[in-house]
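K.L.:
Give me the fold of what follows.
(chains A and B)
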Number of protein chains: 2
Amino acid sequence: MKNEKTITVALDGTGGDNVDARSVASAVRFACVLNPSLKVLVFGNQSLKLALAAEKFDQNSYEFISASECIPQDEEPRKVLEGYKNSAMRKAIEAVRDNKADVIVSSGGTGPLVALSRHILGVIEGQRPALCARIPAGANKFSFMVDLGANAISNSKDLLSFAKLGHCAYKAFYNESAPRVCVLNVGKERNKGSLLVKEARDLIEQDNNLNCCGFIEADKLFTDEADVIVTDGFTGNVALKSAEGVASAFLNAPGIKRFFSKLARPDWLIPWQYNGSLLLGVNGLVIKSHASAGKEAVAVALVEAARCASMNLVDKIKEELKKS
Amino acid sequence: MKNEKTITVALDGTGGDNVDARSVASAVRFACVLNPSLKVLVFGNQSLKLALAAEKFDQNSYEFISASECIPQDEEPRKVLEGYKNSAMRKAIEAVRDNKADVIVSSGGTGPLVALSRHILGVIEGQRPALCARIPAGANKFSFMVDLGANAISNSKDLLSFAKLGHCAYKAFYNESAPRVCVLNVGKERNKGSLLVKEARDLIEQDNNLNCCGFIEADKLFTDEADVIVTDGFTGNVALKSAEGVASAFLNAPGIKRFFSKLARPDWLIPWQYNGSLLLGVNGLVIKSHASAGKEAVAVALVEAARCASMNLVDKIKEELKKS
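P.N.:
Got it, this is the predicted structure:
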């Protein structure tokens, strides 16, 4: 299905919190307007089919494929792998495996998405798949933070793998020869923190392909002090959600303060501008959209997915990994 | 030294980042103005003595005690315990042990402060000392978050101890009969997260004296969803610093946005209004002030320390613990 011009994105149209078919359909239309060379394979139920038909846009820019089952956000991995054969998430991932799509986008649960992607697409040899968020680090700047919760428990070798994957992805994105890799910790000093982060730092330093820049503290996450921030999935998830919580306390201040906060917010802190985490380390391109993302955010995730596909991200990561 | 009226606060005048003697002296004066029944024992070096003398306020409201040694923020616990016999931090903690002060306040390193406090004051039987921050949760509302980094590694029994200590402290502060205790996790569902938090939740639920309200996610930290938030010191530290990082990205936005952000900020998010974490679980009252706190924040920590002392916090915690 690939050719020079068209990028095909498979969309799991069932995931997310309180999914609204009209909102998903509207996101598809918005994405196709933003990127006319985009083709979206939409997997979902009948109400989504109707909602798409009701949107006024080029009907050639998408294809609807019926897949009515929806996997609950917190379904057990075993049940996800054994059941849900006709789920939109599974069908969309299979489309990537079968070369019918270049990338899959889902707002479904992290657990099911990671389990199914690993199972269907396979893992890049020697790597530990992890979610990588691009977090704002100033105007037009992003840092990559890995892992955001693909793994509940990690050891130091896993963190080394996160560092490698983040390094490769950042390099592919920004053509930066030696991205600064830092490990998230409670202090910058070498003797601070848990055994996990100390061991991980040692391993990353010993790897000659990586530019290890030591530890970084959580209050420096949004300051462009690191290009790649390595952390276990539990800590990464907490760090990012805590940041979201404060931002939302600002933005939901009562009365007139809410008005000022909109004026005050740095443009680069507008969340939907950077929706879409990459699942790195699997043999295919998988993008996790925020579960509670609005239609603009889902549209951005679709467009970003196409951009990642057009730069052949997975091939570039594999190539770069061979050097180490 | 105790009597009905005067509360004596021992201040480690050497801790903190880039300590400025004039700033410390000014904080002491500010605190004594805010609370005239306060008496401060100031431990520090000659320049602090001179700075205090230069401040124009009632010289009876403080006593200067020479203790010139300063313990580096990240000094190893072993060296802290064996050396630094004339350090301001050690002398100030000893003043609490010897009943010369009701409470000690320090902006020094967390590691040294926790190690020395445990060593000099002793640990409450069966408990695991932990840092407890009062974090804003709306106008005039606070939640207690335990641990903020007193321990680099914790097991589920430690987290149960944090829950008990937080419960007792919250009860003493707010006279709330059954504070809502939640465990910080990456999801609310019972099957989410690490083994540590799952085990901790089970232990807390099994304790009939605690009102366990399940898991809480980091984006809900500042929403008054819990009275006591239980977490390991590593995660707690990351969660709070990440929140500080975003707040500071807002407040340091360039140009006119900075002006709007000051107007936008909810009053309860002004950081120096709630400076001062409690070290719970030791046989004496220990307050950790933020290392980079300004003079207003240190003054607030001194006044808050006096308030904790006047409510006999440690005795109340011990009494409450006996019930379990």
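K.L.:
tell me which helix or strand of chain A sits lowest on mean pLDDT?
P.N.:
helix A:256-264 (a mean of 59; mean pLDDT, DSSP states H and E).
K.L.:
Could you find the closest non-adjacent residue to A:Lys323?
P.N.:
Spatially, and ignoring its direct neighbours in sequence, A:Lys323 is nearest to A:Asn209 (6.0 Å; CB to CB, 6 or more residues apart in numbering or on different chains). Every residue, glycine included, has its C-beta placed from N, CA and C.
K.L.:
Contact partners for that neighbour?
P.N.:
By CB atoms under 8 Å, 6 or more residues apart in numbering or on different chains, the contact set of A:Asn209 is A:Lys164, A:His167, A:Lys323, A:Ser324.
K.L.:
Confirm that the first one sits in a helix.
P.N.:
In this case it means A:Lys164. Yes - judged by DSSP: H, G, I helix; E, B strand; the rest coil, A:Lys164 forms part of a helix.
K.L.:
near chain B, which residues of the stretch 101-250 of chain A?
P.N.:
A:149, A:152-153, A:184, A:186-187, A:189, A:191-195, A:217-223, A:233-235, A:237-250 (CB under 8 Å from any CB of the partner chain).
K.L.:
are any of these buried, and which?
P.N.:
A:149, A:152, A:184, A:186-187, A:192-194, A:217-223, A:233-235, A:237-250 (16 or more other CB atoms under 10 Å in any protein chain shown).
K.L.:
Give me the subset of those residues that lies in strands.
P.N.:
Judged by DSSP state E, strands contain the following of those: A:Leu184.
K.L.:
my read: A:Asp158 touches A:Gly126, true?
P.N.:
No - counting by CB atoms under 8 Å, A:Asp158 stays clear of A:Gly126, with 11.4 Å between them.
K.L.:
any weak-confidence spans in the stretch 151-300 of chain A?
P.N.:
For the stretch 151-300 of chain A, residues meeting the criterion pLDDT under 70 lie at A:250-274, A:292-293.
K.L.:
buried stuff in the helix or strand containing A:Ile204?
P.N.:
Per DSSP states H and E: A:Ile204 is located in helix A:195-206. Of all the residues in helix A:195-206, those buried under the rule 16+ other CB under 10 Å are A:Leu196, A:Val197, A:Lys198, A:Glu199, A:Ala200, A:Arg201, A:Leu203, A:Ile204.
K.L.:
For A:Asp158 and A:Gly126, work out which one has more neighbours and name it.
P.N.:
Counted by other CB atoms under 10 Å in any protein chain shown, A:Asp158 and A:Gly126 do not tie: A:Asp158 has more neighbours, with 21 against 11.
K.L.:
can I assume that one sits in a helix?
P.N.:
Yes - counting by three-state DSSP, A:Asp158 is found in a helix.
K.L.:
Grab the nearest non-local neighbour of it.
P.N.:
Excluding the flanking residues, the one nearest A:Asp158 by CB to CB, 6+ apart is A:Arg128, at 4.4 Å.
K.L.:
mind exporting stretch A:195-208 as CSV, just the C-alpha atoms?
P.N.:
In CSV, the C-alpha atoms belonging to stretch A:195-208 read as follows (Å, rounded to 0.1, in the frame of the first residue of the first chain):
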residue,chain,number,x,y,z
LEU,A,195,20.0,1.6,43.2
LEU,A,196,18.1,1.4,39.9
VAL,A,197,19.0,4.8,38.6
LYS,A,198,22.6,4.6,39.8
GLU,A,199,23.1,1.3,38.0
ALA,A,200,21.3,2.7,34.9
ARG,A,201,23.5,5.7,34.8
ASP,A,202,26.6,3.5,35.0
LEU,A,203,25.4,1.3,32.1
ILE,A,204,24.5,4.4,30.0
GLU,A,205,27.9,5.9,30.7
GLN,A,206,29.7,2.7,29.6
ASP,A,207,27.9,2.8,26.2
ASN,A,208,30.1,4.7,23.8
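K.L.:
sorry, back to before: tell me which helix or strand comes right after the least confident helix or strand of chain A.
P.N.:
Counting by DSSP H and E, what follows helix A:256-264 is strand A:277-280.
K.L.:
Return the list of helices and strands in contact with that next one.
P.N.:
Strand A:277-280 sits against helix A:110-121, strand A:130-136, helix A:156-174, strand A:286-288, with contacts defined as 3 or more CB pairs under 8 Å, 6 or more residues apart in numbering or on different chains; DSSP states H and E.
K.L.:
Indicate each strand paired with it and its parallel or antiparallel sense.
P.N.:
Each strand paired with strand A:277-280, and its direction, by DSSP bridges: strand A:130-136 (antiparallel), strand A:286-288 (antiparallel).
K.L.:
Show me what secondary structure element comes after the longest one.
P.N.:
Read it as strand A:130-136. strand A:142-146.
K.L.:
any idea of the angle that next one forms with strand A:130-136?
P.N.:
Angle, strand A:142-146 to strand A:130-136, by axes from the mean of the first three to the mean of the last three CA atoms, to 10 degrees: 160 degrees.
K.L.:
Secondary structure element for A:Glu94, which one?
P.N.:
helix A:88-97.
K.L.:
now the helices: where do they sit in the stretch 1-150 of chain A?
P.N.:
In the stretch 1-150 of chain A, the helices defined using DSSP state H, counting those that start in this stretch lie at A:21-34, A:46-54, A:77-82, A:88-97, A:110-121.
K.L.:
and the fourth one, average pLDDT?
P.N.:
Which is helix A:88-97. Averaging pLDDT along helix A:88-97 yields 97.
K.L.:
what does that helix contact?
P.N.:
By CB under 8 Å, 6+ apart, the surrounding residues in contact with helix A:88-97 are A:10-15, A:41, A:43-45, A:65, A:67-71, A:84, A:101-106, A:108, A:112-113, A:116-117, A:120-121, A:284-286.
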